[in-house]
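Participant: What shape does this take:
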Amino acid sequence: GVRRAMEVACLKAMARDPAERPGAAAELAEDLDRILGGQDVRGGTSIRPRTRRMSVAVEPPRTSTRPVLLWIAGIAIALVAAGWLGAWWYFRRGGEVEEPSGQEAPKPPPRTEAEEREAAYLEALDRGKAAYDQESWTEAIEWSEKALAIHPTRHESFAAGVRMGLSQLRLEDAKKARESIEGALKVQGLTATERGAGLHDLALVLFELDEREDALAALDAALAADPAGLGALKTKAMFLDRLGRRLEAIAIYRDLHDRLPQDPEVAEYLSDWDEASRQSFAEMRRAYEAKDWDGALAAGRRAALYHTEGREAYAVWDTVGHASYMKKDFAAARDALERALLHALVPADIVKTKKNLGAMLYNLGDPQRALALTEEAITTSDDDDDVDAYCNVVVFLRALKRSEEAKAIVDRLRAQRPDDPKVKAIAEGGDH
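Facilitator: Prediction:
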């Protein structure tokens, strides 16, 4: 019946031997048409349908199988047609992509001379920067020179000129480095930051050439061009420190510390400064107490670099002045005491310093100024019975040939302190 013929057709389509299967979808469709027409499937297959035992149950009425078979045949034909269409499209597309054998791909048009120069310029810039970053100074110079030879004034050439100059500085050719960086600064259209950075680098070269003032001037110009350039400010502080201008250096470092409180270099410098300040002051006091006048002078001058204001500055210069006096260096003592007077804030310190400074001026042959300072000290002092000060006044008046004034002071001192050895000495005409 139809079911057995259909089973044979299906087994034929799934046969293990390809030769027994339908050769094409059309052949399968033809078999299906034969089944629908009540005929057997052509050919056959080695696979046979299983024989079934007859069921004792009565089968229900059979329905028509023709629509199902038509659906199956339509699906099979659609699948085969889709496969043929896909194969046709694949081979057609491949034929369009593939180049005919023996035919070369089209070549790009040749570059113009200007394009060749531009490509060479960009390559020289890139390779020069790469060599500089790798600290290959000679190679960096060579590539930078190539770039500058093509476009010496283009804006991008500024960086190449600076790199070349710094590379030459690393190779200890400071003169060529100066020429290179000065040439880079001539490039037009530089920003404030670029000009500031270029002047900063120029300052490094000038300092290396021992042109110290020019280096500081270049740093000032860099800061004027780019006030926010803290790198130039740090370099200026470093230069001033090396030049021995430590007071100016420490002022800049303190300013930098306010702006860059976390900067390790600035913090380290200030820490070293404070430690050296404490050590020098302590060394000065130890030497002075031991009457080591040379040691006190050396330590005192070091301490003066660190203590620039207030009570500490006064103590430093007062000690230096006294140590100089003990070494009979009256000029140095006068200079030190004049500086001490500038920092004296307490009235007692002012009176003491003026009296000592008056004595130094007298020893240097200036009794008139000595008398004026000593009289100022007496007027300022709370001690109306300052025997030392009045005895000094008597000596100064005698040097100025003002004997009557001197005698009046001596008579008053003898009446007040008849047994004082200083008064007796001054009354007999000597220096106390």
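Participant: now the helices: where do they sit in the stretch 51-200 of the chain?
Facilitator: Using DSSP state H, counting those that start in this stretch, the helices of the stretch 51-200 of the chain run over 66-97, 113-133, 137-150, 157-170, 174-184, 192-208.
Participant: ok, and which of these has the densest surroundings?
Facilitator: helix 157-170 (a mean of 24; mean count of other Cβ atoms under 10 Å). Quick note: C-beta positions are derived from backbone N, CA and C, even for glycine.
Participant: Low-confidence ranges, this protein, go.
Facilitator: Scanning the chain for pLDDT under 70 picks out the ranges 1-3, 5, 15, 23, 38, 40-105, 383-385, 430-432.
Participant: could you pull out the helices for the stretch 301-432 of the chain?
Facilitator: Secondary structure of the stretch 301-432 of the chain (DSSP H, counting those that start in this stretch): helices at 310-326, 330-343, 347-363, 367-380, 387-399, 403-416, 421-427.
Participant: right, so of those helices, which gets closest to residue 109?
Facilitator: Closest approach to residue 109 among the helices of the stretch 301-432 of the chain (Cβ to Cβ): helix 310-326, 79.5 Å.
Participant: Not counting sequence-adjacent ones, nearest residue to the residue most central in space within the chain?
Facilitator: The C-alpha lying nearest the average C-alpha coordinate of the chain belongs to residue 231 (Cα atoms, centre = their mean; 7.5 Å). The shortest distance from residue 231 to any non-neighbouring residue, by Cβ to Cβ, 6 or more residues apart in numbering, is to residue 200 (6.1 Å).
Participant: same question, residue 380
Facilitator: Among residues not flanking residue 380 along the chain, residue 351 sits closest, at 5.3 Å (Cβ to Cβ, 6+ apart).
Participant: Over to residue 144?
Facilitator: Nearest residue to residue 144, sequence neighbours excluded (Cβ to Cβ, 6+ apart): residue 164, at 3.8 Å.
Participant: Correct me if wrong: that neighbour contacts residue 142.
Facilitator: No. Proximity of residue 164 to residue 142 does not meet the contact threshold set by Cβ atoms under 8 Å, at 9.2 Å.
Participant: Find the residues that touch each one of these two.
Facilitator: Residues touching both residue 164 and residue 142 by Cβ atoms under 8 Å, 6 or more residues apart in numbering: residue 128.
Participant: Quickly find the element holding residue 288.
Facilitator: Using DSSP states H and E, the element containing residue 288 is helix 264-289.
Participant: Which of the helices or strands spans the residue nearest to the centre of the chain?
Facilitator: helix 230-242.
Participant: Only alpha carbons, please: show the helix or strand following that helix as PDB.
Facilitator: Downstream of helix 230-242, the next assigned helix or strand under DSSP H and E is helix 246-259. Provided in PDB are the C-alpha atoms of helix 246-259 (Å, rounded to 0.1, in the frame of the first residue of the first chain):
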ATOM      1  CA  ARG A 246      72.500  81.500  50.300                       C
ATOM      2  CA  LEU A 247      70.200  84.200  51.800                       C
ATOM      3  CA  GLU A 248      68.700  84.700  48.300                       C
ATOM      4  CA  ALA A 249      68.500  81.000  47.700                       C
ATOM      5  CA  ILE A 250      66.800  80.200  51.000                       C
ATOM      6  CA  ALA A 251      64.200  82.900  50.300                       C
ATOM      7  CA  ILE A 252      63.300  81.300  47.000                       C
ATOM      8  CA  TYR A 253      63.300  77.800  48.600                       C
ATOM      9  CA  ARG A 254      60.900  79.000  51.300                       C
ATOM     10  CA  ASP A 255      58.700  80.500  48.600                       C
ATOM     11  CA  LEU A 256      58.800  77.200  46.700                       C
ATOM     12  CA  HIS A 257      57.900  75.300  49.800                       C
ATOM     13  CA  ASP A 258      54.700  77.400  50.200                       C
ATOM     14  CA  ARG A 259      53.800  76.600  46.600                       C
END
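Participant: So for helix 246-259, what gets flagged as buried?
Facilitator: 246, 248-250, 252-253, 256 (16 or more other Cβ atoms under 10 Å).
Participant: now the angle from it to helix 264-289?
Facilitator: Orientation of helix 246-259 against helix 264-289 (axes from the mean of the first three to the mean of the last three Cα atoms, to 10 degrees) gives an angle of 140 degrees.
Participant: what angle sits between helix 246-259 and helix 230-242?
Facilitator: Helix 246-259 and helix 230-242 are oriented at 150 degrees to each other (the same axes, to 10 degrees).
Participant: Run through the neighbouring helices and strands of helix 246-259.
Facilitator: Helices and strands touching helix 246-259, by 3 or more Cβ pairs under 8 Å, 6 or more residues apart in numbering; DSSP states H and E, are helix 230-242, helix 264-289, helix 293-306.
Participant: orientation of the longest one relative to helix 293-306 in degrees?
Facilitator: So that's helix 264-289. Using the same axes, to 10 degrees: helix 264-289 against helix 293-306 is 150 degrees.
Participant: And for the first one?
Facilitator: Helix 230-242 and helix 293-306 meet at an angle of 170 degrees, taking the same axes, to 10 degrees as the criterion.
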